[in-house]
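Engineer: When you get a sec, could you give me coordinates for this:
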Amino acid sequence: MVNGGNAMIDDVVPAIAAALSAQGTELLVAGSKSVFGSLCEIIRSRFGRGTPAEHSLLAALDHPDDTERVAVLARHLTRLMAQDPEFARQTLAAWNSATAAGSAEGSAVVNNFSGQADRVVQARSIHGGIKF
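Structural biologist: Model (predicted):
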């Protein structure tokens, strides 16, 4: 996955950094109680306490609208994922879980579809029938 898969890391990491920063510092309080909190903890643990990488994470969480801070976080994350395939695997697995979970809280709906099909219907509530 990571061997020869650095392009995948390069594609996904900016999304991870942006999603984490958008969640803000609540992630640090929530810890692993949420899927994004779990992802944040995996990253923070690997970054280590008091390191420039951890500082970039905290800065991005504190300033989610600062694109440069989010980009610095993404660079640290990309570098460590390229150096540590197990960390990359854990991070990508947590990211996949977080994105699959979406934001289906309360009455929200998240639709996920992968694969091939001739006809697909994704809906929350259907009253009546569906005809193709």
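Engineer: In the chain, where is pLDDT below threshold?
Structural biologist: Scanning the chain for pLDDT under 70 picks out the ranges 1-8, 27-33, 101-116, 121-124.
Engineer: which residues in it form strands?
Structural biologist: Counting by DSSP state E, no segments of the chain form strands.
Engineer: Touching, A74 and V13? I think so.
Structural biologist: Yes: between A74 and V13 a contact is recorded at 4.9 Å, counting by Cβ atoms under 8 Å. Any C-beta I mention is one placed from the backbone N, CA and C, and that applies to glycine too.
Engineer: G129: how many residues sit nearby?
Structural biologist: If you count neighbours by other Cβ atoms under 10 Å, G129 ends up with 5.
Engineer: typed the wrong thing, it's A117
Structural biologist: Counted with other Cβ under 10 Å, the neighbours of A117 add up to 7.
Engineer: What of T91?
Structural biologist: Neighbour number of T91 under other Cβ under 10 Å is 23.
Engineer: repeat for E86
Structural biologist: E86: 10 neighbours (other Cβ under 10 Å).
Engineer: Then the one 4 residues further on?
Structural biologist: If you count neighbours by other Cβ under 10 Å, Q90 ends up with 18.
Engineer: again with the one 3 residues further on
Structural biologist: Using other Cβ under 10 Å, the number of residues around A93 comes to 13.
Engineer: Kindly provide the distance from it to V12.
Structural biologist: From A93 across to V12, the span is 12 Å (Cβ to Cβ, to the nearest Å).
Engineer: What of A19?
Structural biologist: Relative to V12, and taking Cβ to Cβ, A19 is found at 10 Å.
Engineer: Ok, E26 next?
Structural biologist: In this view, E26 and V12 are 22 Å apart by Cβ to Cβ.
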